[in-house]
Each structure stands twice: as structure tokens, then as C-alpha cells.
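**Q** with the sequence up front, the predicted model follows.
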Amino acid sequence: MVTVEAIEKELEKVVDPEIGLPITEMHLVDEISIQDNGEIFIKYHLTAPFCPPIFAEDIGMNIRTLTSQLEGVKKVTVVLHGHALANEINQRVNPGYTPPPVQPATAAQAKS
């Protein structure tokens, strides 16, 4: 079975193309979860919400490619958050990805 440590080791190879540092060194990986069936979920963010989409997609694809090659991995879902075009990028990185529905604001949220 795949481990978080093995995933993190692969993520050390993913380098931000603008800055030239691994995404792990810049603390851009927010969540790694592993299901018993071999599915893994990785959530990440970028250094800026308007980072060029081509770089954001490249990082997501590199995460997906490297981690999907690990022994025991059946499926990889890589989700970018906090970016202006996150939904579009997530759909390109994850074939068949459906973004979560937008939750309507409550009256309390609308007042803040």
C-alpha cells in the first residue's frame, strides 16, 4: 500500500516553474489522503491566486503523473484551490472532474 511518505517523496520532484523550488519546500501541498482502495487525493495551492494558468496546470499534471506511478495507486485526484481559474484547471488535470457545487451564502454570511 502507498504511504504519505512515498507520495511526499514524489512531490519533492515537482518544481514551481517560476520560482524554481520544489512545491514541498514552499509548503504548497495542503492535503494528502489515501483511501484503502488505492485512490489518493492531493490538494495544493499556488503562491498567488492569479499565477499563470499554464504553470498551475503544469504543476497539477506533474503531481498527477509522478504519484500515479507509485505502487498500489489506482487513481489520483489533484485539486488546486485558491486560484482564480481553479475549476477549469482541475477539470484539465483530472479527466471527468466535476467541481463541487457552489453553496449559496447564508443571511449571516451576506451581512459580513
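**A** That came in fine, so what should we check first? What you see is a predicted model; the values in this text were computed from it and never measured. Numbering: from 1, shown residues only.

**Q** secondary structure element holding the closest residue to residue 4 other than its chain neighbours?
**A** Taking Cβ to Cβ, 6 or more residues apart in numbering as the measure, residue 4 lies nearest to residue 32, with 5.3 Å between them; neighbours along the chain are not counted. The way it works is simple: take the backbone N, C-alpha and C, and place the C-beta from them, glycine included. Under the criterion DSSP states H and E, the helix or strand holding residue 32 is strand 29-34.

**Q** what do you get for residue 79?
**A** Applying DSSP H and E as the criterion places residue 79 in strand 75-80.

**Q** do the same with residue 90
**A** Of the helices and strands defined by DSSP H and E, residue 90 is found in helix 86-93.

**Q** who touches that helix?
**A** Under the criterion Cβ atoms under 8 Å, 6 or more residues apart in numbering, residues 53, 56-57, 60-61, 64, 78-80, 83, 97, 99 lie in contact with helix 86-93.

**Q** how far away from the center of its chain is the strand holding residue 79?
**A** 6 Å (Cα atoms, centre = their mean, to the nearest Å).

**Q** can I have the helix ranked longest in the chain written out in CSV, keeping just the CAs?
**A** Scanning the chain for the longest helix, with DSSP state H as the assignment, gives helix 53-68. As requested, C-alpha coordinates have been extracted for helix 53-68 and formatted as CSV (Å, rounded to 0.1, in the frame of the first residue of the first chain):
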residue,chain,number,x,y,z
PRO,A,53,-2.8,29.1,-15.6
ILE,A,54,-0.2,27.2,-17.8
PHE,A,55,2.1,26.9,-14.7
ALA,A,56,-0.8,25.9,-12.4
GLU,A,57,-1.8,23.2,-14.8
ASP,A,58,1.8,22.0,-15.3
ILE,A,59,2.2,21.7,-11.5
GLY,A,60,-1.0,19.7,-11.2
MET,A,61,-0.1,17.4,-14.1
ASN,A,62,3.3,16.8,-12.7
ILE,A,63,1.8,15.9,-9.3
ARG,A,64,-0.7,13.5,-11.0
THR,A,65,1.9,11.9,-13.2
LEU,A,66,4.5,11.3,-10.5
THR,A,67,2.2,10.0,-7.9
SER,A,68,0.1,7.8,-10.2
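
**Q** I am finished for the moment; much appreciated.
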